[in-house]
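# Build me a model from this:
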Amino acid sequence: MSQPFAKLPLWADYGLIPLINLVFAFLIAGLVVLIVGENPLHAAVLMLDGAFGSGEGIAYTLYYATNFIFTGLSVAVAYHCGLFNIGSEGQAYIAGLGVAAVCLVFDHVLPWWLTFPLAILAAAAVGALWALVPAWLQAVRGSHVVITTIMFNYIAASIMVYFLVDVLKPATSMAPQTRDFVAGARIPGMGWLMQLLGFKVRYAPFNITFLLALAVAFLVWVLIWRTRLGYETRTMGFSPRAARYAGISHVRMIIIAMTLSGALAGLMALNPVMGAQHRLQLDFVAGAGFVGIAVALMGRSHPLGIVLASVLFGMLYQGGAEIAFEMPNISRDMIVIIQGLVILFAGAMEHLFRPAVITVFRRLAPGGSPGQAAEAA
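Presented below is the predicted three-dimensional model:
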């Protein structure tokens with residue numbers, strides 16, 4: 001999509017600006033930690049150690065990052081088409097029903113390596129179908145996609161409660177969840193990778209869905225920057241009027257972009273349902289759809305940036321749990337505040353420091369002047 005400021009070098013636009021936002025967010029978070037009576041530097045050390053100081057810490061960090069890669073890519077694909085998909089949370093949630101249906105039907109009769117591809121197709125299909133209705137309402141009826149996708153999050157939550165309480169729950173169980181899947185629907189973990197790298201891992205939910213997430217990120221890059229469809233998508237996001245003048249159907253592009261976005265969000269359900277919990281239960285998405293918005297914004301809607309931003313938020317989740325355990329004055333709610341600050345500066349205030357950076361670049365450039373810098377800003 002178009003930028004409201006003068007253009008910066010790619011390394012500054014995709015690297016320096018997010019880094020400055022991140023540093024400033026952590027400085028503000030450090031002040032919050034100081035106010036509650038704890039040492040910010042010690043908290044930072046605990047966070048890094050909890051996220052990357054052990055094999056289990058790294059495995060949990062990458063497990064969380066896997067969720068955020070899928071939802072970040074989901075938001076990014078819609079964003080490139082000029083759409084703001086707030087419904088990744090609901091799309092991933094409802095896709096869990098598709099994954100569970102495949103697992104419950106085939107876990108006794110197929111090995112995991114046959115069940116997994118079927119579950120991938122089911123997750124993508126259900127997520128895409130859930131996004132199709134808001135897409136059609138936006139493209140044909142003019143309903144705003146932000147409003148409809150938010151409402152569909154609540155509808156998805158209600159449908160999930162109905163299925164887990166009245167349809168899929170075993171008769172002998174009181175918990176709103178399906179039965180546990182057997183080996184045919186349990187995808188392998190990747191603790192062996194941590195052990196291969198010299199780390200000891202007793203248990204972590206890190207699984208091969210991480211490899212799928214990396215592969216999907218690469219495919220999204222190919223789609224957006226190396227195909228005609230991607231070019232049309234970016235044209236639509238950059239200038240809808242130019243896209244219409246070029247003969248690109250806005251109805252077609254909105255529906256394609258939103259269904260692809262929903263399919264990517266739906267893939268997120270594979271990670272917790274088949275890779276960690278081995279059953280379908282309430283609230284398994286745990287806010288990953290909303291974190292994906294910040295991940296996409298911080299990653300500048302580029303797959304590589306999204307992967308790196310996902311690891312960062314995985315660190316915040318895993319390292320934040322370590323801080324809450326070690327520091328008595330910092331509760332889990334305080335960790336949410338720190339995460340919220342990162343989201344604030346990476347998302348809503350992502351352009352806060354851009355005018356200053358443009359000014360510095362203009363002054364350092366040959367022939368640059370304060371007047372040119374002010375004009376650029």
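# Contacts for the host helix or strand of G340, please.
Assigned by DSSP states H and E, G340 belongs to helix 332-343. Contacts to helix 332-343, defined as CB atoms under 8 Å, 6 or more residues apart in numbering, come from residues 22, 25-26, 28-29, 32-33, 36, 291, 293-294, 298, 312-313, 316-317, 320-321, 323-324. The C-beta positions use only the backbone N, C-alpha and C, and glycine is treated the same way.
# which among those end up buried?
22, 25-26, 29, 32-33, 291, 293-294, 298, 312-313, 316-317, 320-321, 323-324 (16 or more other CB atoms under 10 Å).
# got the contact list for whichever strand or helix holds Y231?
Following DSSP H and E, one finds Y231 within helix 228-238. Here helix 228-238 makes contact (CB under 8 Å, 6+ apart) with 1-2, 77, 79-83, 222-224, 242-243, 246, 248, 250, 253-254, 256-257.
# ok, now stretch 27-43?
Residues outside stretch 27-43 that contact it (CB under 8 Å, 6+ apart): A44, I323, M327, N329, I330, M334, I337, I338, L341, V342, F345.
# Quick check: ChimeraX command selecting the buried ones in these.
Of the contacts of stretch 27-43, the buried ones go into a single ChimeraX selection, burial set by 16+ other CB under 10 Å:
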select :44,323,327,330,334,338,341,342,345
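# Just send the contacts of stretch 27-43 back as CSV, with pLDDT too.
Listed next are those as CSV, based on pLDDT from 0 to 100:
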residue, pLDDT
A44, 89
I323, 87
M327, 84
N329, 79
I330, 81
M334, 75
I337, 80
I338, 77
L341, 82
V342, 78
F345, 79
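# Now the helix or strand following the helix holding G340: buried residues?
Downstream of helix 332-343, the next assigned helix or strand under DSSP H and E is helix 354-364. For helix 354-364, burial by neighbour count (16+ other CB under 10 Å) applies to R354, V357, I358, T359, F361, R362.
# same thing with stretch 300-311?
In stretch 300-311, counting by 16+ other CB under 10 Å, buried: R300, S301, H302, P303, G305, I306, V307, L308, A309, S310, V311.
# Now it - C-alpha only, CSV.
The C-alpha coordinates for stretch 300-311 follow below in CSV (Å, rounded to 0.1, in the frame of the first residue of the first chain):
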residue,chain,number,x,y,z
ARG,A,300,6.1,-4.4,7.0
SER,A,301,3.8,-7.1,5.5
HIS,A,302,6.8,-8.9,4.1
PRO,A,303,7.1,-12.6,4.8
LEU,A,304,10.7,-12.4,6.1
GLY,A,305,9.8,-9.5,8.3
ILE,A,306,6.7,-11.4,9.6
VAL,A,307,8.9,-14.4,10.5
LEU,A,308,11.3,-12.3,12.4
ALA,A,309,8.5,-10.3,14.1
SER,A,310,6.8,-13.6,15.0
VAL,A,311,10.0,-14.8,16.8
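# can you list the residues that contact that stretch?
Contact with stretch 300-311 is made by 13-14, 18, 61-62, 65-69, 72-73, 75-76, 79-80, 213-214, 217-218, 220-221, 224, 294-296, 298-299, 346, as judged by CB under 8 Å, 6+ apart.
# quick one, helices of the stretch 251-377 of the chain?
Counting by DSSP state H, counting those that start in this stretch, the stretch 251-377 of the chain has helices at residues 270-272, 288-298, 303-326, 332-343, 354-364, 370-376.
# Hmm, I94 and V285 touching each other?
No: using CB atoms under 8 Å, V285 is not in contact with I94; the gap is 9.8 Å.
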